[in-house]
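**Q** Got a sequence here, can you build the structure:
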Amino acid sequence: VSGGGDEIQQLQKALLDYLDENTEIDASLVFSRKFYVAQWFRDTTMETEKAIKSQKDEDSSEGTHHAKDVETTGQIMHRAESRKKFLRSIIKTAPSQFSTLKMNSDTVDYEDACLIVRYLASMRPFAQSFDIYLTQ
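**A** Numbering: from 1, shown residues only. Sure thing, here's the model as predicted:
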């Protein structure tokens, strides 16, 4: 993934390109593509809600407003909105039109797609706290 922009979003785009490119081979990839878009949209919404809740909890417990925390929450909100905008554009794009929007889809093969899926899955809260669940 080249630098600049949101790396997660670039990986998501590459994975969606791969899934769209291979829907002729395996029809279940259409469902997988829709599932990933819906899951990522939900994750973005949950991340935004957590940021707002943590900001409100800090305000009520401390009674003061920290500029750094506000900036961090603002950045999270901005990033969430840009991700939602990206996902909405994917949802609105018909599968036949999606092929015209592809970037670097020739560079993503099956092994790369598996690696992208593993990386994106490792970023999910359950995967990050798996050791805690296993210990318990």
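
**Q** Excluding chain neighbours, what is closest to residue 51?
**A** For residue 51, ignoring the flanking residues on the chain, the nearest one in space by C-beta to C-beta, 6 or more residues apart in numbering is residue 76 at 4.3 Å. Quick note: C-beta positions are derived from backbone N, CA and C, even for glycine.

**Q** Figure out the helix or strand that the one you found lives in.
**A** Here residue 76, judged by DSSP states H and E, is contained in helix 67-92.

**Q** Could I get the contacting residues of the most centrally placed residue in the chain?
**A** With distances taken as C-alpha atoms, centre = their mean, the residue of the chain nearest its centroid is residue 40 (4.5 Å). Residue 40 makes contacts with 12, 83, 87, as judged by C-beta atoms under 8 Å, 6 or more residues apart in numbering.

**Q** same deal with residue 84?
**A** Residue 84 sits next to 41, 44-45 when contact means C-beta under 8 Å, 6+ apart.

**Q** Against residue 92, how distant is it?
**A** 12 Å (C-beta to C-beta, to the nearest Å).

**Q** same deal with residue 42?
**A** In this view, residue 42 and residue 92 are 18 Å apart by C-beta to C-beta.

**Q** of these two, who's got more company?
**A** Ranked by neighbour count (other C-beta atoms under 10 Å), residue 42 and residue 92 place residue 42 first, with 11 against 8.

**Q** if we can go back for a sec, select from the contacts of residue 84 the one having the most neighbours.
**A** Of all the contacts of residue 84, the highest neighbour tally under other C-beta under 10 Å goes to residue 44, namely 20 neighbours.

**Q** Please read off the pLDDT at that residue from the model.
**A** pLDDT for residue 44: 87.

**Q** just residue 98 next, same as before
**A** Note on residue 98: pLDDT of 50.

**Q** Next, format the contacts of residue 40 as TSV and append distance to residue 23 and neighbour count.
**A** Shown next, in TSV, are these (distance: C-beta to C-beta, whole Å; neighbours: other C-beta atoms under 10 Å):
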residue	distance to residue 23	neighbour count
12	17	20
83	23	21
87	19	20
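
**Q** Just give me the closest of those residues to residue 53.
**A** Lowest distance from residue 53 to those (C-beta to C-beta) belongs to residue 83, with 18.6 Å.
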